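Q: Provide a 3D model corresponding to the input given below.
(chains A and B)
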Amino acid sequence: MKVNEKAIKKSMVFGNNDLAISIQNLVKNYDDVKAINNLNLEIKTGELFSLLGPNGAGKTTTISILSGLLKPTQGNAFVGGYDILKELNSIKELIGVCPQEAAIFKFLTGKENLELFGYLNGMSKGKIKARIDYLLEMLEFEKDSKRKVKGYSGGMLRKLNILIALIHDPQIAFLDEPTVGMDPRARRKVWDFIRSLKEQNKTIILTTHYMEEAETLSDRVGIIDYGELIAIGTPKELVERFEVKNLEEVFLEITGRRIVEGI
Amino acid sequence: MNMLKILALVKTELRKILREPAFLFMMILFPAALTLVFGLTFGTMETGIPGVSQFDNMAPGLFAYACIFIIMIVAQTFTDYREQGLLKRINLTPTTSAEFMSSHIISNTILSIIQVAIVAVCSLLIGFRPYGTIIGFLLAFIFMILLSICSVGFGLICSTIAKNAGTATALSFIFILPQMFFGTFIPLNEATKVIAYFLPSYYATESLSLIFLDGVAITNLTIWFNLGIISILAIVIVVIGIALFKRYGK
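A: Got it, this is the predicted structure:
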């Protein structure tokens, strides 16, 4: 709670008290390759924003910069009102990141992993226990959480990957392709869970290749390609703007056209 | 520094040793087997001094061996964690580098203590009868802790250079072998003695030999000189290891 108050105060200083994320002229180069090319984006507090794009478009790089894993070549960004270049420690207290690859201690059980990351996020023993009970129930993971991760299926690993990211009840969650490899039932369960986070006014930044997922869950969608934001709006707005049937067709229309035009 | 975070990480490292057969072998069975092999081979060989076998002379070096092998464990652990994306994931939490590194120094020191205890029990069973007072044993214990800290630093340097756990194991021998051959019980000539002066295991083994074999008083100047040198080496090696790992290893 103390952290949230700090963050709100900070946002008010910046004059954007409803902005969770503000990206300003962000550039990231890997040698000659421009992974992010002058990206500008604002995401409101409590918004579920989906970042879509083909493989290598710059989605994960954007998340890595916002969470402090990478430094931008140029430009800046603010997360919860905090400067990513100067106030990374405050940002780490606000965010939860579910990486694309499930990074989990395999010799521990699911529950032990959750406990460990609870402590690493500065939680007390009592809070960790209560939060684990809640999370395991939400994703129907109680039974599997007692087993060692080494024997988990891909879907179980994905579930645990999400739970670890959210163990400390972060205000802002970055979910990088969280449902890849999950069966339809598990995926629906995760969708319900993500919706419940939204109801708690959490800000969620989601990357996904499942257009149905983005269309169902998102308040707004941004399509990124070659590191540039090439379309942004609500799923409905985008469908109407491009005069197509659904978001998948919007995606194919925009990214396909760019391939044909050689951009 | 948040002690709960450090304790949670220490607990995780100790769980890994208990649950991974390869680590369990390297940490528990290997020092026991090594001591028994040396004991059975050299335990009956005389040194010319009545009642002192070749194994008695080797025992202090075996204690150092146990601490030296921590290099391999640390090198493998860090490269493994990096490959699995775990270092990145920990880096996403508000855990500081100081908390993370402290947890590894503590957990590996605990492992060294366990290994040294195993070597001690096996050595005593074979017939090793050290001299020394309680304070002498405590001092010997401090030498072994400092040698373990040096090993954590060397392990970090290996994992900075190595791209994967396999390479890390091979690289760790660059630091293990010279310490085994020039810094423990193998007789040194003038040239190899020069190399030994740069190795932390040399100072540890010499002091352990003075305490256990010669039964010198703890006021002995060589012991305190060695303690000073190995303390400086431990700080320098760990600082270099952490700096290199933070700069290039992540």
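
Q: how about the nearest residue to the residue nearest the centre of chain B, chain neighbours excluded?
A: Nearest to the mean C-alpha position of chain B, by Cα atoms, centre = their mean, lies B:C67 at 1.8 Å. Residue nearest to B:C67 in three dimensions, not counting chain neighbours: B:L147, with 4.1 Å by Cβ to Cβ, 6 or more residues apart in numbering or on different chains. The C-beta positions use only the backbone N, C-alpha and C, and glycine is treated the same way.

Q: And A:I132, by the same measure?
A: Closest to A:I132 by Cβ to Cβ, 6+ apart is A:L114, at 5.0 Å.

Q: So for the one you found, what pLDDT did the model give?
A: Predicted confidence (pLDDT) at A:L114: the value is 97.

Q: Could you report the neighbour count for B:F137?
A: Number of residues near B:F137 (other Cβ atoms under 10 Å in any protein chain shown) recorded here: 14.

Q: Please, which helix or strand holds B:L111?
A: Assigned by DSSP states H and E, B:L111 belongs to helix B:97-126.

Q: thinking again about what came up before, how much space between the residue nearest to A:I132 and chain B?
A: According to Cβ to the nearest Cβ, to the nearest Å, A:L114 stands 11 Å off from chain B.

Q: who's in contact with A:D176?
A: A:K59, A:T60, A:I63, A:V97, A:C98, A:P99, A:Q100, A:T207 (Cβ atoms under 8 Å, 6 or more residues apart in numbering or on different chains).

Q: does the spatially most central residue of chain A count as helix, strand or coil?
A: By Cα atoms, centre = their mean, chain A has its centre lying nearest to A:F174, at 2.0 Å. With DSSP: H, G, I helix; E, B strand; the rest coil as the basis, A:F174 sits in strand.

Q: Surely it touches A:I65?
A: No - between A:F174 and A:I65 no contact is recorded; they are 10.8 Å apart, counting by Cβ atoms under 8 Å.

Q: which residue does the stretch 151-263 of chain A bring closest to chain B?
A: Residue nearest to chain B within the stretch 151-263 of chain A: A:I164 (7.6 Å; Cβ to the nearest Cβ).

Q: Would you list the phi and psi of the residue of chain B most remote from its centre?
A: Relative to the C-alpha centroid of chain B, counting by Cα atoms, centre = their mean, B:P50 is the outermost residue, at 31.4 Å. Main-chain torsions, B:P50, degrees, to the nearest 10: phi -60, psi 130.

Q: who's in contact with A:N40?
A: A:I23, A:Q24, A:N25, A:L26, A:L229.

Q: And for the fourth one, the neighbour number?
A: The reference is to A:L26. 25.

Q: thinking again about what came up before, which element is the residue nearest to the centre of chain B on?
A: helix B:54-68.

Q: Show me what that helix is packed against.
A: helix B:30-42, helix B:97-126, helix B:134-161, helix B:165-182, helix B:200-212 (3 or more Cβ pairs under 8 Å, 6 or more residues apart in numbering or on different chains; DSSP states H and E).

Q: chain center to it: distance?
A: Centroid displacement of helix B:54-68 relative to its chain, using Cα atoms, centre = their mean, to the nearest Å, is 11 Å.

Q: thinking again about what came up before, measure the residue nearest to the centre of chain A to B:L92 for me?
A: Distance from A:F174 to B:L92, counting by Cβ to Cβ, to the nearest Å: 9 Å.

Q: any residues in contact with both of these two?
A: Residues within reach of A:F174 and of B:L92 at once, by Cβ under 8 Å, 6+ apart, are A:S67, A:I95, A:V97.

Q: for the first one, what are its contacts?
A: I take that to be A:S67. Contacts of A:S67 (Cβ under 8 Å, 6+ apart): A:V79, A:I91, A:K92, A:I95, A:V97, A:F174, B:L92.

Q: returning to what we had before: check which residues of the helix holding B:C67 are buried.
A: By 16 or more other Cβ atoms under 10 Å in any protein chain shown, the buried positions in helix B:54-68 come out as B:55-68.

Q: tell me which parts of chain B are close to chain A?
A: B:2, B:4-5, B:7-9, B:12, B:15-16, B:19-20, B:84-86, B:88-95 (Cβ under 8 Å from any Cβ of the partner chain).

Q: and with 10 Å instead?
A: For chain B, the contact set with chain A under Cβ under 10 Å from any Cβ of the partner chain comprises B:2-9, B:11-12, B:15-20, B:23, B:80-81, B:84-96, B:99-100, B:250.

Q: Need the winner for burial among the helices and strands packed on helix B:54-68.
A: When you average the neighbours per residue for each of those (mean count of other Cβ atoms under 10 Å in any protein chain shown), helix B:200-212 leads with a mean of 26.

Q: Kindly export that one (C-alpha atoms) in PDB.
A: Output in PDB follows, covering the C-alpha atoms of helix B:200-212 (Å, rounded to 0.1, in the frame of the first residue of the first chain):
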ATOM      1  CA  PRO B 200      44.700 -19.000  -1.600                       C
ATOM      2  CA  SER B 201      44.800 -22.800  -1.000                       C
ATOM      3  CA  TYR B 202      48.500 -22.600  -0.300                       C
ATOM      4  CA  TYR B 203      48.000 -20.300   2.700                       C
ATOM      5  CA  ALA B 204      45.000 -22.300   4.000                       C
ATOM      6  CA  THR B 205      46.900 -25.600   3.700                       C
ATOM      7  CA  GLU B 206      50.100 -24.300   5.300                       C
ATOM      8  CA  SER B 207      48.100 -23.000   8.200                       C
ATOM      9  CA  LEU B 208      46.000 -26.100   8.600                       C
ATOM     10  CA  SER B 209      49.300 -28.200   8.600                       C
ATOM     11  CA  LEU B 210      50.800 -25.900  11.300                       C
ATOM     12  CA  ILE B 211      47.700 -26.200  13.500                       C
ATOM     13  CA  PHE B 212      46.900 -29.900  12.900                       C
END
